[in-house]
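Chemist: Okay, predicted coordinates and the sequence, questions at the end:
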Amino acid sequence: MTKVLVSDPIDQAGIDILSQVAQVDVRTGLSPEQLVGCIGDYDGLMIRSGTQVTAEVIEAAARLRIIGRAGVGVDNVDVPAATRRGVIVVNSPEGNTIAAAEHALALMLSLSRHVPHAHASTMAGGWDRKTYVGNELYKKTLGVVGLGKIGSHVARVARALGMDVAAYDPFISAERAQLLQVRLLPLPQLFAEADYVSLHLPRTPDTENLVNAALLATMKPTARLVNCARGGIIDEQALADAVENRVIAGAAIDVYAKEPLAADSPLRLVKERLILTPHLGASTEEAQENVAIDVAEQIRDVLLGLPARSAVNIPGLTPEVMELLKPHLQLAETLGLLLSQLAGGQISELEVRLQGEFASHPAQPLVVAALKGILSAALGDSINYVNASLEAKERGIHVLEVKDDASRDFAGGSLQLSSRSPRGNHSVTGAVFTDGELRVTTIDEFPVNVTPSRHMLFTRHRDMPGIIGQLGSLLGEHNVNIASMQVGRRIVRGDAVMVLSLDDPIPPSLLAVIHDINGIQAAHPVTL
Ligand SMILES: NC(=O)c1ccc[n+]([C@@H]2O[C@H](COP(=O)([O-])OP(=O)(O)OC[C@H]3O[C@@H](n4cnc5c(N)ncnc54)[C@H](O)[C@@H]3O)[C@@H](O)[C@H]2O)c1
Ligand SMILES: O=C(O)[C@H](O)COP(=O)(O)O
């Protein structure tokens, strides 16, 4: 008997769909030990953000074929552990977009008119019409951080409310922003100018504590901040201090670094001008029905042997093609990730060139893998093989696919990705060697032969004596260990590229010093 465990509260519409193909056990509030104890009996697991699907749970899940997250964020699922065990993870990327956007807008309005505090005071017997004088949104500037699905809807509604909308999103094209009638601004300017800032970006290593005491101090004392995105993007102690000391006029928070919010959180001590909700962004009847149906249908389909439409960890390909293309897909994704960091975001055009033997492979999965690599810097875990093309289209990335089977550079052929962006054009080529190893073979048309590694540094420089020595010494002084170094040039004493594989990441302060070395034209740290 096929069995599905539902371990968080899910709309009945989802349970009904699952019941078409499986015995459904709804068991909410399981302890981690209880979950580990019972998961071995199940073929499918359906959750929201409450259940922590750790590597230990996945290890114990001998029969598990699919984990369905009735919502967007899969940060409570150990996706790499699931992938390693061949467990498909699916989510519902759009089912709660409107709910989350409307919650952010509700918080903005509640903050402006002191709704919760005025309500509490009236319920306590008061009639205070003086303390709770508010502000209008009309003609105020809203700064949206993260102009994706939710941020775009917030921007549209804010425009309809008569607000001036600016946004910071390094991965959104100018055309898309223009279409939404939104001005793109650098982050510091956005925080300094905005009357309201609303966060709609993912939590990634780059965005952790992005909103800290220093950034809060640059906001207007009349400004208000809303976070319906993810906890951990704001430094909670710094926010509590900023609201308490009137550095800003107020804040409304739905998501927290650690959930449930600790009883002794500094946020709970702020009694005025701060609104807290318990991660309610997706909690509307409509959104819960949408996500339950979306995810239950996918669990049902996978249990019936059909593909899932929003898989987070597998391409929508047959297992046979996947097996055959595995190293080629990995190459395309790695080159994409590398190219996005060389280009610095805002790619408007991508050419994917399959050369020699590569031209005999189906192009589409390689294009999708390249786009997944390019977009993963912006979208983190939410980008997958299923949604990469759509996300690229929505970001205004025009894709060109070229097959050049006459090219004879490597026995197995090669794959070249070239990008156009406002910051210039870049290209990278790579190949899969016979031992299955990936190699980067050109960067910006300069020949190299590099095995991709976690931390790398690429420079463009003049080929002249002393540069390599200076760079090596600088890295040594900053305790950054070099694993390998290569120089590629086309003509002696002309332009050249240098590729360094590093054991440690480059500190941002060091990058500025590297840029100052005489002869270095550009330096790009890359994390793969
Ligand atoms: N509170 C809730 O209940 C709730 C509900 C749904 C979604 N969410 C969260 O809301 C957030 C947005 O969701 P979405 O569906 O709009 O996602 P999305 O992927 O459509 O959009 C995210 C946007 O953030 C941008 N971005 C990435 N890194 C950035 C950075 N460093 N600075 C600025 N922008 C950056 C991306 O380019 C993208 O456009 C996610 O964190 C999601 O988990 C919360
Ligand atoms: O990622 C999401 O979809 C939201 O954060 C909602 O989470 P929830 O399903 O636990 O409400």
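Modeler: Sure thing, it's come through. Ligands and ions are numbered 1, 2, ... in the order given.

Chemist: who's in contact with whichever residue of the stretch 401-528 of the chain sits closest to ligand 2?
Modeler: Nearest to ligand 2, among the residues of the stretch 401-528 of the chain, is Thr527, at 24.6 Å (Cβ to the nearest ligand atom). Where you see a C-beta, it was placed from the backbone N, CA and C, and this is true even at glycine. When contacts are counted by Cβ atoms under 8 Å, 6 or more residues apart in numbering, Thr527 touches 341, 454-456, 505.

Chemist: Please flag which of the residues you listed sit within helices.
Modeler: Assignment to helices by DSSP state H places the following of the contacts of Thr527 there: Gln341.

Chemist: for the closest residue to ligand 1 within the chain, what are its contacts?
Modeler: Proximity to ligand 1, evaluated over the chain using Cβ to the nearest ligand atom, is greatest for Gly148 at 1.7 Å. If you count contacts by Cβ under 8 Å, 6+ apart, Gly148 has them with 169, 200-201, 379.

Chemist: got it, and Asp241?
Modeler: With contacts defined as Cβ under 8 Å, 6+ apart, the neighbours of Asp241 are 213, 247, 266.

Chemist: picking that back up, of the contacts of Thr527 - the most surrounded one?
Modeler: By neighbour count, taken as other Cβ atoms under 10 Å, the most surrounded of these turns out to be Met456 (23 neighbours).

Chemist: if we can go back for a sec, got the phi/psi numbers for the residue of the chain closest to ligand 1?
Modeler: Listed backbone geometry of Gly148 is phi -90, psi -140, with angles given as degrees, to the nearest 10.

Chemist: So it versus ligand 2, what's the distance?
Modeler: As judged by Cβ to the nearest ligand atom, to the nearest Å, Gly148 and ligand 2 stand 13 Å apart.

Chemist: swap in Arg85?
Modeler: The spacing between Arg85 and ligand 2, counted by Cβ to the nearest ligand atom, is 23 Å.

Chemist: Tell me if I'm right that that residue and Ile66 touch.
Modeler: No. Look at Arg85 against Ile66 with Cβ atoms under 8 Å: they stay out of range, at 11.4 Å.

Chemist: More neighbours: these two, which one.
Modeler: Neighbour tally, Arg85 and Ile66, criterion other Cβ under 10 Å: the higher count belongs to Ile66, 24 against 15.

Chemist: What pLDDT is listed against the residue of the chain closest to ligand 1?
Modeler: Taken from the predicted model, the pLDDT recorded for Gly148 is 95.

Chemist: Ok, Leu474 next?
Modeler: Reading off the model, Leu474 has pLDDT 89.

Chemist: Buried residues of the helix or strand His117 falls within, list them for me.
Modeler: The secondary structure element spanning His117 is helix 115-123 (assigned by DSSP states H and E). Taking 16 or more other Cβ atoms under 10 Å as the neighbour-count basis, helix 115-123 is seen to contain the buried residues 115-118.

Chemist: Stretch 512-528 now?
Modeler: Per 16+ other Cβ under 10 Å, stretch 512-528 contains these buried residues: 514, 519-520, 522-526.

Chemist: re the thing from before, now the helix holding His117: how far from the chain's centre is it?
Modeler: Between the mean C-alpha point of helix 115-123 and the mean C-alpha point of its chain there is a distance of 37 Å (Cα atoms, centre = their mean, to the nearest Å).

Chemist: Check stretch 210-229 too.
Modeler: Stretch 210-229 sits 21 Å away from the centroid of its parent chain (Cα atoms, centre = their mean).

Chemist: quick one: is it near ligand 2?
Modeler: No. On the criterion Cβ under 6 Å from any ligand atom, stretch 210-229 is out of touch with ligand 2, staying 8.6 Å away.

Chemist: Pull up the distance across that stretch, start to finish.
Modeler: Distance between the boundary residues of stretch 210-229 (Cα to Cα, to the nearest Å) amounts to 13 Å.

Chemist: Partner strands of the helix or strand just after the helix holding His117 and their direction?
Modeler: Using DSSP H and E, the helix or strand that follows helix 115-123 towards the C-terminus is strand 141-145. Each strand that strand 141-145 pairs with, and the sense of that pairing, follows from DSSP bridges: strand 164-168 (parallel), strand 196-199 (parallel).
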